[in-house]
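Student: Below are the sequence and a predicted model for it; my questions follow.
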Amino acid sequence: MTKAIDRRTALGIAAGTLAVPFIGTKGFAQSYPARPVTCIVPFGAGGSTDVIGRIVCEKLTQKFGQSFVIENRAGAGGNVGVAAIARAQPDGYTIGMTTISTHGINPNLFGERLPFKPMDDFEFIGLSSSQPNFLCIHPSIPANNLAELIAYLKANPGKENFGSSGIGTSIHLSAELFMQLTGTRMTHVPFRSSAALVQGLITGEVKLSFDNFTSPFPHYKAGAIRGIAVTSATRAAIAPEIPPLNDTLPGFDITSWNGFVAPKGTPKEIVEALEKAQMEALKDPAVIKRFEEMGAASIPSTGAEMRQKAVAEIAKFKTIIDKGNIKLQN
């Protein structure tokens, strides 16, 4: 009898031991988060990525009952903040945002100098928003629509310039793709910020830009600059009167997007809980409305869909950058 009891006891202990990791992990996920969560935004406060992050984190705070606190870590086109996400403990208490820059453009510009592996160092939670760039021109250019603008630029190769908020930004590369597809030629004038770029366009220092939508939009509405097209494949809800470049240049689709990731190795159950909560937040009519007021669109997605997006964007920008022979030192 004693041997039978000992055997049953031993089997029970063994079974219990085997079950602990599963029960423990699931229990951890169910109690998550037990303290505030840091969300690293790789750009400065007040920019569109920061605002989107704060809107989503506000909803995550409400959902989980713990604060999701924004920490801005700007630098190197988003690389500084995203590298910090990659290095963080994979325990669910540090997550962060990635963008078209960090998971589309920068892998092609920085190459081996990129301080993280875009596809290997993260668990993808999901996309959050996309925002088209806005092709605007100074009123001195004699064009009222895209066809007239292309005809004018072809008739005056190299005469006009375009501005951007820096080499390798989506603003810069939107113009590069435009020139590649239309056979036009302009001089690139990089500014230090989007705000400086808008002022340069208003004063005529530069004659054309593909700036992020929110910066030039008020000046377009005021009549200081002329709006020609948006870079998304479809019209923007905030300005349905503006046609997409895709209508004239099929396949033209560049939107400034962002999404959330966690460090590689973050427990699957936590990543799935965050994915579900973010998708719910992005379907909230109030969130959709706030995004649209910024000229952005809510794009709830799975982590797998976000990964696919990043792979496609890296390939797309490699083609544009290689064809334009774009270097950071240019």
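Tutor: Sure, I can see it.
Student: hey, let's count contacts and neighbours off CA atoms from now on
Tutor: Noted.
Student: Provide the count of other residues in contact range of K323.
Tutor: Other residues lying near K323 total 12 when counted by other Cα atoms under 10 Å.
Student: ranges for the helices of this structure?
Tutor: 2-31, 48-64, 79-87, 106-110, 146-155, 170-182, 194-203, 217-221, 268-282, 285-293, 303-324 (DSSP state H).
Student: Save these as CSV, and put in mean pLDDT too.
Tutor: Formatted as CSV, those follow (pLDDT from 0 to 100):
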stretch, mean pLDDT
helix 2-31, 42
helix 48-64, 96
helix 79-87, 98
helix 106-110, 96
helix 146-155, 98
helix 170-182, 96
helix 194-203, 93
helix 217-221, 94
helix 268-282, 98
helix 285-293, 94
helix 303-324, 97
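Student: Just send those helices back as JSON lines, with distance to I40 too.
Tutor: Output for the helices of the chain, formatted as JSON lines (distance: least, Cα to Cα, whole Å):
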{"stretch": "helix 2-31", "distance to I40": "21"}
{"stretch": "helix 48-64", "distance to I40": "9"}
{"stretch": "helix 79-87", "distance to I40": "6"}
{"stretch": "helix 106-110", "distance to I40": "18"}
{"stretch": "helix 146-155", "distance to I40": "39"}
{"stretch": "helix 170-182", "distance to I40": "21"}
{"stretch": "helix 194-203", "distance to I40": "22"}
{"stretch": "helix 217-221", "distance to I40": "28"}
{"stretch": "helix 268-282", "distance to I40": "15"}
{"stretch": "helix 285-293", "distance to I40": "20"}
{"stretch": "helix 303-324", "distance to I40": "18"}
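Student: I'd like to know which of those lies nearest to N258.
Tutor: Taking Cα to Cα, helix 48-64 is the member of these nearest to N258, at 7.0 Å.
Student: Now do E160 against F43, distance only.
Tutor: E160 is 31 Å from F43, where distance means Cα to Cα, to the nearest Å.
Student: again with I85
Tutor: When I85 is compared with F43 (using Cα to Cα), they lie 13 Å apart.
Student: Which one's more surrounded, the two?
Tutor: Higher neighbour count among I85 and F43: I85, with 28 against 25, using other Cα under 10 Å.
Student: In contact with the more buried one: list those residues for me.
Tutor: Shown in contact with I85 (Cα atoms under 8 Å, 6 or more residues apart in numbering): I40, T94, I95, G96, A262, P263.
Student: from what I can see the fourth one touches A262, true?
Tutor: Yes. Counting by Cα atoms under 8 Å, A262 is a contact partner of G96 at 6.4 Å.
Student: neighbour-wise, which of the two wins?
Tutor: A262 (30 against 25).
Student: Check what pLDDT that one gets.
Tutor: Model confidence at A262, given as pLDDT, is 98.
Student: Check the spacing between it and V271 real quick.
Tutor: Distance from A262 to V271, by Cα to Cα: 7 Å.
Student: again with A236
Tutor: Distance of A236 to V271, given as Cα to Cα: 31 Å.
Student: Likewise for A286?
Tutor: Here the criterion is Cα to Cα. By it, A286 lies 24 Å from V271.
Student: Equivalent analysis for E293, please.
Tutor: 29 Å.
Student: more neighbours, those two?
Tutor: Neighbour totals were compared for E293 and V271, and V271 leads with 23 against 13 (other Cα under 10 Å).
Student: F178 versus the closest residue to that one other than its chain neighbours, what's the distance?
Tutor: For V271, ignoring the flanking residues on the chain, the nearest one in space by Cα to Cα, 6 or more residues apart in numbering is I125 at 6.2 Å. Using Cα to Cα, I125 is found at 32 Å from F178.
Student: between the two, which one's more packed in?
Tutor: I125 (30 against 18).
Student: biggest strand in the protein, by residue count?
Tutor: In the chain, with assignment by DSSP state E, the single longest strand is strand 122-137.
Student: got the angle for that strand vs helix 268-282?
Tutor: Going by axes from the mean of the first three to the mean of the last three Cα atoms, to 10 degrees, strand 122-137 is angled at 30 degrees with respect to helix 268-282.
Student: so what's G81 up against?
Tutor: I40, V41, P42, F43, N72, R73, A74, G75.
Student: Apply the buried test to these and list what passes.
Tutor: By neighbour count, with 16 or more other Cα atoms under 10 Å, the contacts of G81 hold I40, V41, P42, F43, N72, R73, A74 as buried.
Student: Return the subset of the contacts of G81 lying in strands.
Tutor: I40, V41, N72.
Student: Tell me the one among those residues nearest to I320.
Tutor: Nearest to I320 among the ones in strands among the contacts of G81 is V41, at 26.5 Å by Cα to Cα.
Student: My guess is the closest one contacts E71. True?
Tutor: Yes. Contact status for V41 versus E71: in contact at 6.0 Å, counting by Cα under 8 Å.
Student: quick one on the thing from earlier: any idea which of the helices of the chain is most buried?
Tutor: helix 79-87 (a mean of 23; mean count of other Cα atoms under 10 Å).
Student: and it with strand 122-137, angle?
Tutor: Relative orientation of helix 79-87 and strand 122-137, computed by the same axes, to 10 degrees: 160 degrees.
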